[in-house]
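1. task: produce atomic coordinates for the following.
(one chain, ligands or ions: 1)
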Amino acid sequence: MAAPFIASHMSSFAVNSFPRTNSMAMMGFLSYPLKTRTAPFSLWKLNRRGFSSSFLSLSISRKQPRKSFQEATAGFDEMISGTQRKYYMLGGKGGVGKTSCAASLAVKFANNGHPTLVVSTDPAHSLSDSFAQDLTGGTLIPVAGPDSPLFALEINPEKAREEFRNVSKKNGGTGVKDFMDGMGLGMIVEQLGELKLGELLDTPPPGLDEAIAISKVIQFLESPEYNMFTRIVFDTAPTGHTLRLLSLPDFLDASIGKILKLKEKISSATSAIKSVFGQEENKPDAAEKLEKLRERMVKVRELFRDTDSTEFVIVTIPTVMAVSESSRLRASLEKERVPVKRLIVNQLLPPSTSDCKFCAMKRKDQMRALSMIESDPELSNLTLVQAPLLDVEIRGVPALQFLGDIVWK
Ligand SMILES: Nc1ncnc2c1ncn2[C@@H]1O[C@H](COP(=O)(O)OP(=O)(O)OP(=O)(O)O)[C@@H](O)[C@H]1O
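-> Below is the predicted model:
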């Protein structure tokens, strides 16, 4: 069993006792920031024949002579400093370990005194599996174990989309507003209704999943229910979804701008007609409401781009395909001006000390992918955090705590 196995090793395994070097700090070359981060790896019996049950440690140093706009990334101390709210979004290719890393970060925040919320915006949620606790239902659920409050929320876009379809069908579109209201998006429907575009909402618009996630972000910003959380960790969906989520505020901002212009034209035309027929315009000012919505969207976009409060952490594995996708992700995030400082390379194998040919080959392959990161223009200036492939599945708070102590330093 994963949790007891890891828990039983945690006390005897002094993760922090492994040597760590930071050549920039040691040599004082502030004008030439040569950053080296060395990550300790531990791994137990990879397989029965290969590695024995003794610990193996692995240190891989990575020199980073080139730096662009980024300052040297401080470690976990910086991540926990201050009680103002901070958002961390973890994203990357499917299956690389986003959920495990996000959940382990959330546990570590909570164990360091931060009331924390971990949110999954991935339609294929795995937070429940990761915490070994049922967190489904789309509401805040307390996670048992950590020292400070830790809550999880699985946003369920699939279910929401299904509800959306049902509501649309049953009420011929009239219930759509109630549903969207429930998601904090009622204003969009109202304004679209004003413009006689409501029928567009009878079928789920593309990007609804992302709209749902965005509406939750707006709730975080405004609802007192979420005030207590000083750290919010997002376990995001694989790359494509995440990028749509991040570009949505811009998209809506532009769309709302267009709608506002259209609205202006319509209302000046209708008020001209009304003045001819002597009718009063007594509807609430839709343009004003739309403007408010636009402001909210700008707020969300600013949040995504605020280097003081937000960080997007890319998670990858040492394969050519995953590294290539991470590079594209970084480029897109840069385009969206979303701050990225760290790249986690997960599931690294230790150097092979046995005659396991498969292990040796696999590791060689992984080293090739690591060197790709070194020379990748998008990735080479990020702080590289290396996480070992553990020989057990990471499930439950003790296991996540263990992983967190390796990854988040
Ligand atoms: N370092 C690791 N060592 C061993 N197992 C790991 C490690 N990282 C992740 N795993 C395992 O890999 C599987 C996938 O991990 P996880 O769910 O965190 O990935 P993900 O990127 O969130 O996946 P998805 O994109 O499907 O949501 C899980 O079974 C998890 O326990």
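2. what's the first-to-last distance across stretch 348-356?
-> Taking Cα to Cα, to the nearest Å, stretch 348-356 runs 16 Å from one end to the other.
3. and for stretch 82-97?
-> 27 Å.
4. which stretches in this structure count as strands?
-> Taking DSSP state E, the strands of the chain run over residues 35-36, 39-43, 56-60, 63-64, 86-91, 116-120, 141-142, 150-154, 231-235, 310-316, 340-348, 383-388.
5. got the ones you listed as JSON lines, with mean pLDDT columns?
-> Formatted as JSON lines, the entries for the strands of the chain read as follows, by pLDDT from 0 to 100:
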{"stretch": "strand 35-36", "mean pLDDT": "32"}
{"stretch": "strand 39-43", "mean pLDDT": "35"}
{"stretch": "strand 56-60", "mean pLDDT": "32"}
{"stretch": "strand 63-64", "mean pLDDT": "38"}
{"stretch": "strand 86-91", "mean pLDDT": "91"}
{"stretch": "strand 116-120", "mean pLDDT": "91"}
{"stretch": "strand 141-142", "mean pLDDT": "94"}
{"stretch": "strand 150-154", "mean pLDDT": "91"}
{"stretch": "strand 231-235", "mean pLDDT": "91"}
{"stretch": "strand 310-316", "mean pLDDT": "94"}
{"stretch": "strand 340-348", "mean pLDDT": "96"}
{"stretch": "strand 383-388", "mean pLDDT": "93"}
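6. dump those strands to a markdown table, plus distance to the ligand and mean neighbour count.
-> The way it works is simple: take the backbone N, C-alpha and C, and place the C-beta from them, glycine included. Putting the strands of the chain into a markdown table (distance: least, Cβ to the nearest ligand atom, whole Å; neighbours: other Cβ atoms under 10 Å) gives the following:
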| stretch | distance to the ligand | mean neighbour count |
| --- | --- | --- |
| strand 35-36 | 22 | 19 |
| strand 39-43 | 9 | 20 |
| strand 56-60 | 13 | 17 |
| strand 63-64 | 23 | 15 |
| strand 86-91 | 8 | 24 |
| strand 116-120 | 8 | 27 |
| strand 141-142 | 18 | 16 |
| strand 150-154 | 12 | 24 |
| strand 231-235 | 6 | 27 |
| strand 310-316 | 7 | 25 |
| strand 340-348 | 5 | 23 |
| strand 383-388 | 5 | 22 |
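7. which residues of the chain lie near the ligand?
-> 94-100, 122, 124, 126, 238, 346-347, 387, 389-390, 393-394 (Cβ under 6 Å from any ligand atom).
8. these, buried ones only, as a PyMOL selection?
-> In PyMOL syntax, the buried subset of those is picked out as below (16 or more other Cβ atoms under 10 Å):
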select buried, resi 96+97+98+99+100+122+126+238+346+347+387+389+390+394
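9. out of the residues of the chain next to the ligand, list just those in helices.
-> Using DSSP state H, Lys98, Thr99, Ser100 are the members of those that sit in helices.
10. closest one to Cys356 out of those residues, please.
-> Proximity of those to Cys356 (Cβ to Cβ) peaks at Ser100, which lies at 24.7 Å.
11. quick one: pLDDT of the closest one?
-> Per-residue pLDDT puts Ser100 at 96.
12. list the contacts of the residue nearest to it when sequence neighbours are not counted.
-> For Ser100, the nearest residue in space outside its immediate sequence neighbours is Ile394; the separation is 4.8 Å by Cβ to Cβ, 6 or more residues apart in numbering. Residues counted as contacts of Ile394 (Cβ atoms under 8 Å, 6 or more residues apart in numbering) are Ala2, Ser100, Ser104, Ser130, Leu400, Phe402, Leu403.
13. which stretches of this structure form helices?
-> Across the chain, reading from the start of the chain, the helices by DSSP H fall at 2-10, 23-27, 76-80, 98-111, 127-131, 157-171, 176-182, 186-194, 208-222, 239-277, 286-305, 320-335, 357-375, 397-407.
14. these two touch, right, Leu140 and Thr116?
-> No - using Cβ atoms under 8 Å, Leu140 is not in contact with Thr116; the gap is 11.6 Å.
15. which residues are in contact with both of those two?
-> Phe151.
16. any idea how many residues pack against Lys335?
-> 11 (other Cβ atoms under 10 Å).
17. thinking again about what came up before, now the residue nearest to Ser100. Its backbone dihedrals?
-> Taking degrees, to the nearest 10, you get phi -90, psi 100 for the backbone angles of Ile394.
18. how close does it get to Met228?
-> Using Cβ to Cβ, to the nearest Å, one obtains 27 Å as the distance from Ile394 to Met228.
19. now Val392
-> If you measure Val392 against Met228 using Cβ to Cβ, the figure is 33 Å.
20. residue contacts, the residue lying closest to Phe304 once chain neighbours are set aside?
-> Spatial nearest neighbour of Phe304, excluding adjacent residues (Cβ to Cβ, 6+ apart): Val338 at 5.4 Å. If you count contacts by Cβ under 8 Å, 6+ apart, Val338 has them with Met89, Leu246, Phe304, Arg305, Thr310, Phe312.
21. ok, the fifth one - contacts?
-> Spelled out, it's Thr310. Lys86, Tyr87, Tyr88, Met89, Leu303, Phe304, Val338, Pro339.
22. re the thing from before, could I get the strands of the chain as TSV with distance to Val298?
-> Supplementary listing: those in TSV, determined by distance: least, Cβ to Cβ, whole Å:
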stretch	distance to Val298
strand 35-36	35
strand 39-43	39
strand 56-60	42
strand 63-64	35
strand 86-91	16
strand 116-120	21
strand 141-142	31
strand 150-154	24
strand 231-235	19
strand 310-316	15
strand 340-348	21
strand 383-388	30
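23. helices and strands of the protein: which one bottoms out on pLDDT?
-> helix 23-27 (a mean of 28; mean pLDDT, DSSP states H and E).
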